[in-house]
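Colleague: Mind folding the following:
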Amino acid sequence: PIGSDVDLSKVAKLTPGFTGADLANLMNESALLTARRGKKIITQQEVSESMERVIAGPERKGRVLDEQTKHTIAYHESGHALVGHLLPHADPVHKISIISRGRALGYTLSIPKEDKVLNSLGEMRDELAVFMGGRVAEEIFCDDITTGASNDLERATKMARAIVTQYGMSDKLGLMALSTVSNPYLDGSTMMNCADSTSSAADEEIHKLLMDCYEDAKRLLTEHRALLDEIAMYLLTKETITGDEFMTYVNAENKKLTDGSEPAQDEQD
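Modeller: The predicted model follows:
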């Protein structure tokens, strides 16, 4: 049975893009979690936790991390979240956590407000900058960069390659589909349909696009470095913060800027 506190319209808003099978899996996980806790009614807490399990994988409480690793992960995830908030086309931040789930040491859960059928170039560029936010935050606040951005870079490169070679959104190469997706329902691998020289030019365009988005992320986090520091420190203390808690810090900085105070990063400098 589902409890009266479960708001299915809210669940629907938090699960855009879910298929019927995904939703069935979500409710099945909620029922299993309820049974494990010895409860007889599924509450909103079980539904929310199960949604994160379906999206990001099971929580790995047994993984013990040293303080330096936690510090790096906190800045990495806070970098993703803050860049996403500051860009106009990025999805709203729902939760940030440094608790391991699946293969991830931490995660930032950003959920779109509605289902998307088409993606604009502006939306994809902002998403690329969000991917870069974790690495940039490590560069600014940590002693060294780590392998933590490997999946971010893999996803960013795949998206940038699609922008250039599939969607015809490169100023230099123009309206050409240079690659096709083979086995779209299996591995989704792509095959280039152009001369080697054109393929090299495409690689240059992909690299330029990624570096432009990296610079966007670096500019934003440098301008708001004091705010990023506050968010990361709070995340280290609590390990998981909600989108509302994240916005508390963002709104506090906005208030400083509108009431005549000095910008937060100037105070730190």
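Colleague: and the longest helix anywhere in the chain, what other elements does it pack with?
Modeller: Assignment by DSSP state H gives helix 196-223 as the longest helix of the chain. Here helix 196-223 touches helix 67-86, helix 121-141, helix 150-165, going by 3 or more CB pairs under 8 Å, 6 or more residues apart in numbering; DSSP states H and E. C-beta coordinates here come from the backbone N, C-alpha and C atoms, glycine included.
Colleague: Kindly tell me how buried the closest residue to M233 other than its chain neighbours is, as a neighbour count.
Modeller: Nearest residue to M233 in three dimensions, chain neighbours excluded: A74, at 7.7 Å (CB to CB, 6 or more residues apart in numbering). Each residue near A74 was counted by other CB atoms under 10 Å, and the total is 25.
Colleague: quick one, what contacts A74?
Modeller: By CB atoms under 8 Å, 6 or more residues apart in numbering, the contact set of A74 is I98, G106, A232, M233, L235, L236.
Colleague: Go through the residues you listed and name the one nearest D196.
Modeller: Nearest to D196, judged by CB to CB, of these is G106 at 40.3 Å.
Colleague: which residues touch that closest one?
Modeller: Contacts of G106 (CB under 8 Å, 6+ apart): I73, A74, H76, E77, I96, S97, I98, I99, S100.
Colleague: returning to what we had before: among the contacts of A74, name the ones in strands.
Modeller: Among the contacts of A74, no member falls in strands (criterion: DSSP state E).
Colleague: In those residues, find the pair that's most separated.
Modeller: Longest span within those, CB to CB: G106 and M233, 14.8 Å.
Colleague: L235 versus the residue nearest the centre of the chain, what's the distance?
Modeller: For the chain, T108 is the residue whose C-alpha lies nearest the centre (CA atoms, centre = their mean; 5.0 Å). When CB to CB, to the nearest Å is the yardstick, T108 and L235 sit 10 Å from each other.
Colleague: Spit out the residues that contact these two alike.
Modeller: Common neighbours of T108 and L235 (CB under 8 Å, 6+ apart) are E77, I96, S97.
Colleague: Now the buried members of those residues.
Modeller: Buried members of the shared contacts of T108 and L235, counted by 16 or more other CB atoms under 10 Å: E77, I96, S97.
Colleague: where does S182 land on pLDDT?
Modeller: Here the pLDDT value assigned to S182 is 66.
Colleague: Next, count neighbours for M211.
Modeller: 12.
Colleague: whoops, I mixed them up, P1
Modeller: When counting by other CB under 10 Å, one arrives at 8 neighbours for P1.
Colleague: Ignoring the adjacent residues along the chain, who's closest to it?
Modeller: Nearest to P1 is I41, by CB to CB, 6+ apart, at 5.2 Å.
Colleague: Quick check: that neighbour touching D5?
Modeller: No. Using CB atoms under 8 Å, I41 is not in contact with D5, being 9.3 Å away.
Colleague: could I get stretch 155-168 in CSV with only the CA atoms?
Modeller: Extracted in CSV, the C-alpha atoms of stretch 155-168 (Å, rounded to 0.1, in the frame of the first residue of the first chain):
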residue,chain,number,x,y,z
ARG,A,155,30.4,11.6,-21.5
ALA,A,156,31.4,15.1,-22.5
THR,A,157,33.5,13.9,-25.4
LYS,A,158,30.7,11.7,-26.6
MET,A,159,28.3,14.6,-26.6
ALA,A,160,30.7,17.0,-28.2
ARG,A,161,31.4,14.4,-31.0
ALA,A,162,27.7,14.1,-31.6
ILE,A,163,27.3,17.9,-31.8
VAL,A,164,30.0,18.1,-34.5
THR,A,165,29.6,14.9,-36.5
GLN,A,166,25.9,14.0,-36.2
TYR,A,167,23.9,17.2,-35.6
GLY,A,168,25.6,19.6,-38.0
